[in-house]
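Asks: Sequence first, predicted model second:
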Amino acid sequence: STAMIGKWHLGHNEPHHPTYRGFDSWFGLPYSGDMGCLDTTPQSCYGGDDRTQGTPSCPALCPDDAGHGGRGVSGGTAEGGCVAIPLYDTHGRDCGGAPCSDSIVEQPYDPFMLNTRYAARAREVISMNAPPAPPLFLYVAFAHTHTPLAYEARWNRTAGPGHHSPVFASTLAEVDWAVGEIRKAADASGAPWLIWVSADNGPADLAMVNCDSVGDPGPYVGSWQRSGGGGGGSCKGTTWEGGHRVIGLAYWRGTIDAGRTIPELTGTVDLLPTFAALAGAPLAKYGRTFDGIDLSPALVGAGLVEDEDRILFHPNVTGALDAMRVGKYKIFFESSGARDGCFYNNGSHRWPGKENVIYHDPPLVFDLDADPGEATPLTSAPPDVLARAKTARADKLANISKGLRSNVSYELGGSKYWPCSNRSSACCRLSR
């Protein structure tokens with residue numbers, strides 16, 4: 001069995017809906033919780049969107065230039081316009097039309113209760129699939145701590161750590177509780193669950209986000225970018241360590257010893273081959289190259305076959321392979337910073353885009369063991385490391401160019417494709 005809870009953002013129309021892409025059920029949002037209008041939320045991406053006064057953002061009318069936080073697109077499109085953000089509850093391939101709107105259960109969704117409802121649904125799914133039911137794959141993509149930051153009142157904190165706001169601290173406390181609820185439900189089920197916790201990027205050190213509403217990169221500050229590299233943020237939206245280095249926590253009662261760490265270089269690209277190996281699903285039969293390696297030997301304490309000089313690629317926001325890892329070395333063929341940034345910039349800002357990219361020949365090379373903050377490039381990088389990196393990058397680009405391509409048409413658009421539960425409402429407010 002397979003189930004998904006949380007943000008999807010790979011298409012909400014029928015061919016791309018989660019239940020048409022491998023999941024038996026889905027309870028969640030079709031895209032980010034700030035891509036449209038809500039009625040109330042304590043803190044959003046923009047200071048002007050603070051809803052503490054109770055001012056609703058979902059309007060009675062939806063003019064063409066209406067938008068959320070100034071991000072509206074002509075025509076009031078679903079992502080970034082004034083269409084209320086929906087919450088789906090889909091079971092099987094039961095779409096009743098192109099946007100699968102029949103399975104929308106709330107529009108706009110309630111951000112204050114979303115995380116609590118996600119935790120409750122996760123407990124329910126785990127309980128329903130306890131032994132002797134077949135094995136279950138459950139994917140939970142929390143909204144926290146992505147803006148808008150909202151939480152149940154019981155998690156309210158009066159202060160946050162460091163520069164963080166009480167709102168951020170409260171949101172973090174709630175998602176921490178939710179992960180714990182999933183672990184407790186898994187233990188109670190009697191099944192030997194493997195639980196893996198990670199994230200898709202580092203803190204949102206971006207111009208569009210309230211600066212006290214983001215996490216802290218710790219030592220991974222991308223100092224070169226913030227000084228000689230042109231300034232701007234060096235976290236989310238960049239290939240600096242603050243943007244790509246994320247948590248990796250695994251829990252497997254009876255198999256993984258508490259407190260043990262895996263010293264080898266790993267990445268989220270390893271999850272697919274690891275889960276496939278544990279499930280006995282051979283990936284070779286698909287006749288294509290999969291990124292990542294099987295981490296299951298390391299999980300059981302046997303160690304990895306890969307050597308200490310493993311290669312990982314760091315694609316940027318456009319998909320270009322502008323940085324990569326070779327063991328302890330981080331190599332940049334191109335670099336850029338996120339626009340403005342919050343706490344760690346030097347006052348001058350760059351936005352990831354072709355006109356602001358700095359090309360490096362020879363590449364910048366950092367020793368992350370000695371310099372995790374990426375402050376000082378090596379004056380003399382090991383020639384064998386550079387040669388291996390250039391060859392691996394060329395091979396990867398060649399593989400990508402001849403690999404499978406998406407057949408999605410990005411030409412299609414308009415209100416026909418909006419996730420809309422009520423066409424008589426300007427913002428698609430659910431009336432049933």
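Replies: Received it, and whenever you're ready, just let me know what you need.
Asks: I'd say residue 178 and residue 115 touch.
Replies: Yes. Using Cβ atoms under 8 Å, residue 178 is in contact with residue 115, at 5.6 Å. Any C-beta I mention is one placed from the backbone N, CA and C, and that applies to glycine too.
Asks: what residues do the two have in common as contacts?
Replies: Residues touching both residue 178 and residue 115 by Cβ atoms under 8 Å, 6 or more residues apart in numbering: 142, 144.
Asks: Helices of the stretch 1-150 of the chain, residue ranges please.
Replies: For the stretch 1-150 of the chain, the helices defined by DSSP state H, counting those that start in this stretch occupy 114-128.
Asks: Can you verify my assumption that residue 381 contacts residue 329?
Replies: Yes. Counting by Cβ under 8 Å, residue 329 is a contact partner of residue 381 at 7.3 Å.
Asks: Looking at those two, which has the bigger crowd around it?
Replies: residue 329 (22 against 19; other Cβ atoms under 10 Å).
Asks: beta partners of that one?
Replies: residue 326, residue 367 (DSSP bridges).
Asks: that older thread, if I look at residue 381 and residue 329, which residues touch both of them?
Replies: residue 365.
Asks: which element follows the biggest helix by length in the chain toward the C-terminus?
Replies: Taking DSSP state H as the criterion, the chain has its longest helix at helix 166-189. Once the chain leaves helix 166-189, the next helix or strand it forms, by DSSP states H and E, is strand 194-198.
Asks: Quick one: distance of that following strand to the chain centre.
Replies: 14 Å (Cα atoms, centre = their mean, to the nearest Å).
Asks: Now the helix or strand that that strand is followed by: average pLDDT?
Replies: Downstream of strand 194-198, the first helix or strand assigned by DSSP H and E is helix 223-226. Mean per-residue pLDDT for helix 223-226: 87.
Asks: Please state the offset of helix 223-226 from the chain centre?
Replies: 24 Å.
Asks: What of stretch 183-193?
Replies: Relative to its chain's centre, stretch 183-193 lies at 25 Å (Cα atoms, centre = their mean).
Asks: What are the buried residues along it?
Replies: 185-186, 189, 191, 193 (16 or more other Cβ atoms under 10 Å).
Asks: Can you report how many residues lie near residue 397?
Replies: 12.
Asks: ditto for residue 258
Replies: 6.
Asks: Could you grab the helix/strand/coil label for it?
Replies: coil (DSSP: H, G, I helix; E, B strand; the rest coil).
Asks: And it, how far from residue 366?
Replies: Separation of residue 258 from residue 366 (Cβ to Cβ, to the nearest Å): 33 Å.
Asks: chain center to stretch 122-141: distance?
Replies: With Cα atoms, centre = their mean, you get 22 Å for stretch 122-141.
Asks: Any chance you could list what contacts that stretch?
Replies: Taking Cβ under 8 Å, 6+ apart as the rule, stretch 122-141 contacts 1-8, 23, 25, 28, 118, 178, 181-182, 185-186, 188-191, 193, 275, 279.
Asks: Kindly recompute the last result at 6 Å.
Replies: For stretch 122-141, contacts defined as Cβ atoms under 6 Å, 6 or more residues apart in numbering pick out 1-7, 182, 185-186, 189-191.
Asks: Which residue ranges of the stretch 251-400 of the chain form helices?
Replies: 271-279, 296-299, 383-402.
Asks: among those helices, which is the most enclosed?
Replies: helix 296-299 (a mean of 18; mean count of other Cβ atoms under 10 Å).
Asks: Show me the contact partners of that one.
Replies: 256, 262, 274, 277-278, 304.
Asks: Alpha carbons of it, as PDB, please.
Replies: These are the backbone C-alpha positions of helix 296-299, laid out as PDB (Å, rounded to 0.1, in the frame of the first residue of the first chain):
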ATOM      1  CA  SER A 296      20.700  -0.100   3.500                       C
ATOM      2  CA  PRO A 297      24.100  -1.700   4.300                       C
ATOM      3  CA  ALA A 298      25.000   1.400   6.300                       C
ATOM      4  CA  LEU A 299      21.600   1.400   8.100                       C
END
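Asks: starting at the chain centroid, how far to that helix?
Replies: 24 Å.
Asks: what do you get for stretch 136-154?
Replies: The answer for stretch 136-154 is 11 Å, by Cα atoms, centre = their mean.
Asks: Residue 294 versus residue 301, what's the distance?
Replies: Counting by Cβ to Cβ - residue 301 and residue 294 are separated by 15 Å.
Asks: With respect to residue 237, which of the helices of the stretch 251-400 of the chain lies nearest?
Replies: helix 383-402 (21.0 Å; Cβ to Cβ).
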